[in-house]
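[1] This is the structure alone, sequence omitted:
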């Protein structure tokens, strides 16, 4: 005969909340069956599921120490996170696992339990798990070895040589396969792929900007920036900036800016050859004591010869194109040299030099005259400057460097400023958007004297904001004057 469960004493009726009499099976007020009330469950502590209770440590066992994370190696691949193989542990019998070997493919010593194989190096085909405690040790003949450790064993067993790769090694190998080799160019788009010889990223296929699309250089006393602009498919401008010392030890600073003639062949090569040749000529003649103005004249002649050399063709080439010499490479040139208290400028073509005084309340000036159709019309008194430069023939140049130039006429001028200022050397890609001296001075940032590179970037940005129809190149040379000062002088040749 089954026994009914004794119900706990209730303080209130679940139906009407009236206190029942002791021993009543039904409520005397509402008739509620008091025997149907479930027994109160036993009290159990509440535990947070996110914080499991700590397991008791074995007697004499030390707390697990996390190893330090590996640093990034020479491949710049981020170090992998910690894996179970990085931490010490025990097998199901409480025995410590053997430390992982340096070479995963090393053989397991005969007689070692299967559970003590390092993580990632257990032999293929091994048992489902460690042997229970007390089981006899497996014999040496029963132990499976990786065939890579013994090539002859694979031949006799008929099994393929298999080995589980270390996942960390696999990650680094995959990253090294896509990373650019040392010294190789990295894609500007994905920042990880290698740029192939064709100028495209081998990872994402993005076309890479050419080196001359945007160039910058800064020395202690001069800075220059050149940009392709927004309309041209290549940058046909070039520049060279440098510094040297005169025989008395005083410094000399050089800035050369060249603009390739787009209607000629290989204008980019012409401008680069002219800039390099003029710069090298000045660096060779100024330390010898040549007067800076004479040195500038010789530099322009050297630049002209370098451009003329580009038009020379191998024997027999002219037979295929008898008129090829009429489209010889050509460019314009403008340069400035600060030597002692003198400012020397030289030019051929329509690139310009501007003078912007540090005190913007003082007058500014343009120090060059264009070799152009518009300048000739103004000089002859046939048009005023506004009319001449509004004509569609305004920018047709009348002087340039190249094998088909009419006659080389280098222009040079020497100035001795009596106040500090900034020398702006630029191509028409800039002065088209700031033509007058006042407009150029307004475009030059106020701190360009102290930060010429930043000032050159601002001027290039001014041209790009105006439309960027041409290549843009500008060099800035801060000119300092000794405290005692001196009167100004100007000599023009």
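    Arrived safely. Owing to the predicted nature of the structure, the values given are computational and were not obtained by experimental measurement.
[2] and stretch 431-443, which residues are buried?
    Neighbour-count burial for stretch 431-443, counted by 16 or more other Cβ atoms under 10 Å, picks out 431, 432, 433, 434, 437, 440, 441, 443. Backbone N, C-alpha and C define where each C-beta goes, glycine included.
[3] per-residue confidence averaged over it?
    Here stretch 431-443 scores 96 as its mean pLDDT.
[4] Stretch 351-371 now?
    For stretch 351-371, the per-residue pLDDT averages 96.
[5] still on that earlier bit, same list, the buried residues of stretch 431-443, but as a markdown table with secondary structure please.
    Formatted as a markdown table, the buried residues of stretch 431-443 follow (DSSP: H, G, I helix; E, B strand; the rest coil):
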| residue | secondary structure |
| --- | --- |
| 431 | helix |
| 432 | coil |
| 433 | coil |
| 434 | coil |
| 437 | helix |
| 440 | helix |
| 441 | helix |
| 443 | helix |
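[6] For residue 392, state which of the residues you listed is nearest.
    residue 432 (14.0 Å; Cβ to Cβ).
[7] how would you label the residue nearest to the closest one when sequence neighbours are not counted: helix, strand or coil?
    Of all residues not flanking residue 432 in the chain, residue 470 sits nearest, at 6.7 Å (Cβ to Cβ, 6 or more residues apart in numbering). Three-state call for residue 470 (three-state DSSP): coil.
[8] Now for residue 470, how many residues are close by?
    Residue 470 has 23 neighbouring residues, counting by other Cβ atoms under 10 Å.
[9] same deal with the one 3 residues further on?
    By other Cβ under 10 Å, 33 other residues sit near residue 473.
[10] so what's it up against?
    Counting by Cβ atoms under 8 Å, 6 or more residues apart in numbering, residue 473 touches 224-227, 237-239, 257, 259, 426-427, 429-430.
[11] re the thing from before, surely the residue nearest to residue 432 touches residue 431?
    No. Using Cβ atoms under 8 Å as the test, residue 470 is too far from residue 431 to be in contact (10.2 Å).
[12] Keep only those of the contacts of residue 473 that are in strands.
    224, 225, 226, 227, 237, 238, 239, 257, 259, 426 (DSSP state E).
[13] Distance to residue 250, pLDDT and neighbour count added to the residues you listed, as CSV?
    Formatted as CSV, those follow (distance: Cβ to Cβ, whole Å; pLDDT from 0 to 100; neighbours: other Cβ atoms under 10 Å):
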residue, distance to residue 250, pLDDT, neighbour count
224, 22, 98, 26
225, 27, 97, 26
226, 29, 97, 28
227, 33, 95, 25
237, 30, 97, 33
238, 28, 98, 28
239, 24, 98, 27
257, 24, 98, 31
259, 31, 97, 30
426, 26, 98, 29
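[14] now, among these, which is nearest to residue 328?
    residue 259 (16.0 Å).
[15] Need the nearest residue in space to the closest one, chain neighbours excluded.
    Using Cβ to Cβ, 6+ apart, the closest residue to residue 259 is residue 427 (4.2 Å).
[16] What is the burial count for that neighbour?
    With other Cβ under 10 Å as criterion, residue 427 counts 29.
[17] Next: residue 25.
    So residue 25, with other Cβ under 10 Å, has 10 neighbours.
[18] Return the distance of it relative to residue 13.
    12 Å (Cβ to Cβ, to the nearest Å).
[19] Could you verify that residue 278 is part of a helix?
    Yes. Under three-state DSSP, residue 278 falls within a helix.
[20] got a list of what it touches?
    Residue 278 touches 240, 256, 258, 299, 300, 302, 303, 333, 335, counting by Cβ under 8 Å, 6+ apart.
[21] can we see that at 10 Å?
    By Cβ atoms under 10 Å, 6 or more residues apart in numbering, the contact list for residue 278 reads 240, 254, 256-258, 296, 298-304, 306, 333-335, 346, 401.
[22] What of residue 209?
    188, 199, 228 are the contacts of residue 209 under Cβ under 10 Å, 6+ apart.
[23] shared neighbours of residue 470 and residue 431, which are they?
    With Cβ under 10 Å, 6+ apart as the test, residue 470 and residue 431 both reach residue 463.
[24] on that earlier part again, which neighbours do residue 25 and residue 13 have in common?
    residue 34.
[25] Count the residues that sit near the nearest residue to residue 286 once chain neighbours are set aside.
    Computed as Cβ to Cβ, 6+ apart, the closest residue to residue 286 that is not its neighbour in sequence is residue 252, at 5.0 Å. Taking other Cβ under 10 Å as the criterion, the count of residues near residue 252 is 22.
[26] picking up where we left off before, out of the ones in strands among the contacts of residue 473, who's nearest residue 377?
    After measuring the ones in strands among the contacts of residue 473 against residue 377 - Cβ to Cβ - the closest member comes out as residue 259, at 21.1 Å.
[27] Next up, the contacts around the closest residue to residue 457 other than its chain neighbours.
    Using Cβ to Cβ, 6+ apart and skipping the chain neighbours, the partner closest in space to residue 457 is residue 225 (5.6 Å). Counting by Cβ under 10 Å, 6+ apart, residue 225 makes contact with 214-218, 239, 430, 452-461, 472-476.
[28] now residue 292
    246, 252, 254, 282, 285-286, 337-340, 342-344, 346, 412, 414.
[29] Out of these, which is nearest to residue 396?
    residue 346 (21.8 Å).
[30] Under a three-state scheme, what state does that closest one occupy?
    strand.
[31] can you pull the contacts of it?
    256, 278, 282, 292-293, 295-300, 303, 333-337, 353, 368, 410-414, 493.
[32] Go again with 6 Å.
    296, 300, 335, 412 (Cβ atoms under 6 Å, 6 or more residues apart in numbering).
[33] Tell me how many other residues surround the last one.
    What it means is residue 412. Residue 412, neighbours per other Cβ under 10 Å, totals 21.
[34] Was I right to think it contacts residue 298?
    No. If you go by Cβ atoms under 6 Å, residue 412 and residue 298 don't touch, sitting 10.0 Å apart.
[35] Which helix or which strand is home to the residue nearest to residue 415 when sequence neighbours are not counted?
    Closest residue to residue 415 apart from its sequence neighbours, by Cβ to Cβ, 6+ apart: residue 343 at 4.4 Å. Per DSSP states H and E: residue 343 is located in strand 342-348.
[36] what is the rounded mean pLDDT of that strand?
    Here the average pLDDT along strand 342-348 is 97.
[37] Neighbouring strands of it in the sheet, and parallel or not?
    strand 330-339 (antiparallel), strand 411-415 (antiparallel) (DSSP bridges).
[38] Now render those as JSON lines, adding mean pLDDT and distance to residue 263.
    Converted to JSON lines, these look like this (pLDDT from 0 to 100; distance: least, Cβ to Cβ, whole Å):
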{"stretch": "strand 330-339", "mean pLDDT": "97", "distance to residue 263": "8"}
{"stretch": "strand 411-415", "mean pLDDT": "97", "distance to residue 263": "22"}
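[39] can you list those in a markdown table and add distance to residue 405?
    Listed next are these as a markdown table, based on distance: least, Cβ to Cβ, whole Å:
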| stretch | distance to residue 405 |
| --- | --- |
| strand 330-339 | 7 |
| strand 411-415 | 14 |
